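**Q** here is my input; please provide its structure:
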Amino acid sequence: MAWAVPITLLSMSLIATSGDGRPGIQAAALRDPKPAEVDAIFKEFDRPGSPGCSIAVEHKGKILFAKGYGLANLEYCVANTQETVFHVASVSKQVTAFAIQLLVEDGRVNLEDDVRKYVPELPDYGKVITLANLMHHTSGIRDQWDLLGMGAWRMDDVIVEGDLLRAIFRQKSLNFDPGKRFLYSNSGYTLLGLVVQRVTGHSLRKFCDDRLFAPLGMSQTHFHDDYKEVVANRAVSYYPRESGGFENSVLTFGNVGATGLFTTASDFVRWTRNLVSPTVGSRALSVRMGETLTFADGRPNRYASGLLTGQYRGLRVLEHLGSDAGFRSDCFVFPDQEFSIVLFSNLGTTEPATLARSVADLYMADLLAPAPKPPAPAPVDLNSAKEIEGVYEFDPGLVVGFAVREGKLRARIGAGEAVEPIEVGPGEVRVPGVGTCHFTKRGRSVECILTNSDVVEVARKLKLYDSKSELGELAGEFYSEEAAGFARLSVESGKLHLDLTKWDDDLVPLARDVFAVGSKIVRFERSRSGRVAGLTLSTPRCFGVRFKRMG
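**A** Prediction:
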């Protein structure tokens, strides 16, 4: 997302001229908070033996604040600083998108090109999938991580580009027709990285080194395409243990495009500056980075080129979060004010968006509109609630159950914990993490329509059924060519148990032949004779992967 005027790149010496990493603010429009005020936001990391984060705050080419908190490495007690190198997960996507936009500017690709022009190995689904579809998450291509999770993979396995491409190329169908809706797909950005490689003859890493990072002076930044490579000053990924302390949250990635960028906070604010006031790429390219498309039905899509468009307290913002293993990251940009916050963490429970907004509130207090008050929860009319009780399928990867329990309406997403919806209007409730559900009574039945910023879906109400007597006929071994893995079903202690080779769990019954396990939905398929012939496994980002019954 967008803007103008060349800058002189800052030297690293600018970061510590006041002894606290803060040269001071020249612009009267921004406040100049004391270092202790910023430090207070990160007090959760101010304890012995804790992982932490690194932050840099930039305004019109000047680094206002840059500092690390907590430890980058617990075993050697190495502190995080503004120079610590982090894996920044999906914050990588905007760099991949920028590389594609550079190729557009060079006249070497067109965003309306069919991706199969460059990647003919991708199956022909009978629908054109454009580079723009990949970039804006409207392609319908199933997500690579969910696909690996259905096969014999764990996220702490060594995962290289070839592993992901083989999974993507095995798929026989899409989640939906291209352009119909938004659904985040890491696969699309892996393919975009491959397009850069195919068009230029260079790896995404080398192309970005030569065309982006070197010209911007980002000497500590690279796409990490070799998982065995030694990287100085690198943060280790951690997650809290239930028993106390922390454990390594292992990440061994050798894949890039959707993820894989290694950078520092002090390096990456050079990147955010270039988004706002470009020295690499034209102003027109910078504007294109913030442009969104509409869906096939004319609704707007908020996702641009590896960046999400929106507003924060009345001001336009561009943002992207990242999450892999124990790494958490946020790139938070106010383009019109030429102000950005970059925050990287090596602790899996960190909420970088919350921290970044707290920092923005300090610096931009005089520019921000008053914080909106959250709507007060209104009690749901229980007479109406009784009528809507049931299990609703919004898409193959999203099933929500509604039930009245202890005098309150509760909603349960898949096999997750029950939450209390908020009534927002007659016949409408907002379900956290799902969207607004509008219920309409049609004769004896109730119709439910889900709306959120990304999709409008009419739900199908599933038929409730006590399937305990049928569990035995659901057991067996199933194989999927698309997932390249086995699903083994067995009955244990009166429950149906799913084993996907490297993880297993009990299934929660939702309706006849429909079960949930975590965020996954399992649907059994029957032949005309009623025999179970197979099943489909769906996740929120990967619909209807087929497993055929063996024997």
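**Q** so where is the chain shaky, pLDDT-wise?
**A** Along the chain, segments meeting pLDDT under 70 span 1-28, 375-384, 465-469.
**Q** so where's the longest strand in it?
**A** The single longest strand within the chain, with elements called by DSSP state E, is strand 315-324.
**Q** could you export that strand as PDB, CA atoms only?
**A** What follows is strand 315-324, C-alpha atoms only, in PDB (Å, rounded to 0.1, in the frame of the first residue of the first chain):
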ATOM      1  CA  LEU A 315      -6.400   7.000  10.000                       C
ATOM      2  CA  ARG A 316      -5.600   4.900   6.900                       C
ATOM      3  CA  VAL A 317      -3.200   2.000   7.700                       C
ATOM      4  CA  LEU A 318      -1.500  -0.800   5.900                       C
ATOM      5  CA  GLU A 319      -0.600  -3.900   7.900                       C
ATOM      6  CA  HIS A 320       0.500  -7.500   7.900                       C
ATOM      7  CA  LEU A 321       1.000  -9.900  10.700                       C
ATOM      8  CA  GLY A 322       3.200 -13.000  10.700                       C
ATOM      9  CA  SER A 323       3.100 -16.200  12.800                       C
ATOM     10  CA  ASP A 324       5.300 -19.300  12.400                       C
END
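**Q** strand partners of whichever helix or strand comes after that strand, parallel vs antiparallel please.
**A** Remark: after strand 315-324, the chain's next helix or strand is strand 327-334, criterion DSSP states H and E. Its sheet considered, strand 327-334 pairs with strand 315-324 (antiparallel), strand 339-345 (antiparallel) by DSSP bridges.
**Q** convert strand 327-334 to CSV, retaining C-alpha atoms only.
**A** Output of strand 327-334 as CSV, limited to C-alpha atoms (Å, rounded to 0.1, in the frame of the first residue of the first chain):
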residue,chain,number,x,y,z
PHE,A,327,7.8,-16.1,16.0
ARG,A,328,5.2,-13.3,15.9
SER,A,329,5.6,-10.1,13.8
ASP,A,330,3.7,-7.0,12.7
CYS,A,331,4.4,-4.4,10.1
PHE,A,332,2.1,-1.4,10.9
VAL,A,333,2.2,1.6,8.5
PHE,A,334,0.4,4.9,8.5
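**Q** buried stuff in it?
**A** For strand 327-334, a neighbour-count test (16 or more other C-beta atoms under 10 Å) marks 327-334 as buried. All C-beta spots, glycine's among them, are computed from the backbone N, C-alpha and C.
**Q** hey, which of the strands paired with strand 327-334 is tucked in deepest?
**A** Burial of these is given as mean neighbour count (mean count of other C-beta atoms under 10 Å); strand 339-345 ranks first at a mean of 29.
**Q** which residues are in contact with that strand?
**A** 30, 51-60, 84, 86, 88, 235, 263-265, 268-269, 272-273, 275-276, 327-334, 352, 355-356, 359-360, 363-364 (C-beta atoms under 8 Å, 6 or more residues apart in numbering).
**Q** out of the residues you listed, name the ones that lie in strands.
**A** Residues from the contacts of strand 339-345 lying in strands, with DSSP E as the criterion: 53-59, 86, 263, 327-334.
**Q** what helix or strand does residue 176 sit in?
**A** Per DSSP H and E: nothing holds residue 176, as it lies in no helix or strand.
**Q** leaving out chain neighbours, which residue sits closest to it?
**A** The shortest distance from residue 176 to any non-neighbouring residue, by C-beta to C-beta, 6 or more residues apart in numbering, is to residue 140 (4.5 Å).
**Q** any idea which element that neighbour lies in?
**A** For residue 140, there is no enclosing helix or strand under DSSP H and E.
**Q** ok, it - contacts?
**A** Shown in contact with residue 140 (C-beta under 8 Å, 6+ apart): 125, 127, 129, 133, 174-178, 180, 183, 185.
**Q** which of the buried residues of strand 327-334 lies closest to residue 210?
**A** residue 331 (22.3 Å; C-beta to C-beta).
**Q** and that closest one, how far from residue 39?
**A** Relative to residue 39, residue 331 is positioned 22 Å away (C-beta to C-beta, to the nearest Å).
**Q** got it, and residue 456?
**A** Per C-beta to C-beta, residue 456 is found 45 Å from residue 39.
**Q** for residue 143, same thing?
**A** 38 Å.
**Q** more neighbours: which of these two?
**A** Neighbour totals were compared for residue 143 and residue 39, and residue 143 leads with 25 against 16 (other C-beta atoms under 10 Å).
**Q** that one is in contact with residue 187, isn't it?
**A** Yes: with contact defined as C-beta atoms under 8 Å, residue 143 reaches residue 187; the gap is 5.8 Å.
**Q** first-to-last residue distance for stretch 78-97?
**A** Criterion C-alpha to C-alpha, to the nearest Å; first-to-last residue distance in stretch 78-97 is 34 Å.
**Q** how about that stretch: buried residues?
**A** Within stretch 78-97, the residues that count as buried by 16+ other C-beta under 10 Å are 80-97.
**Q** then stretch 97-113?
**A** By neighbour count with 16+ other C-beta under 10 Å, stretch 97-113 contains the buried residues 97-104, 109, 111, 113.
**Q** which two among these are spaced furthest apart?
**A** Maximum pairwise distance among those (C-beta to C-beta): 17.4 Å, between 98 and 113.
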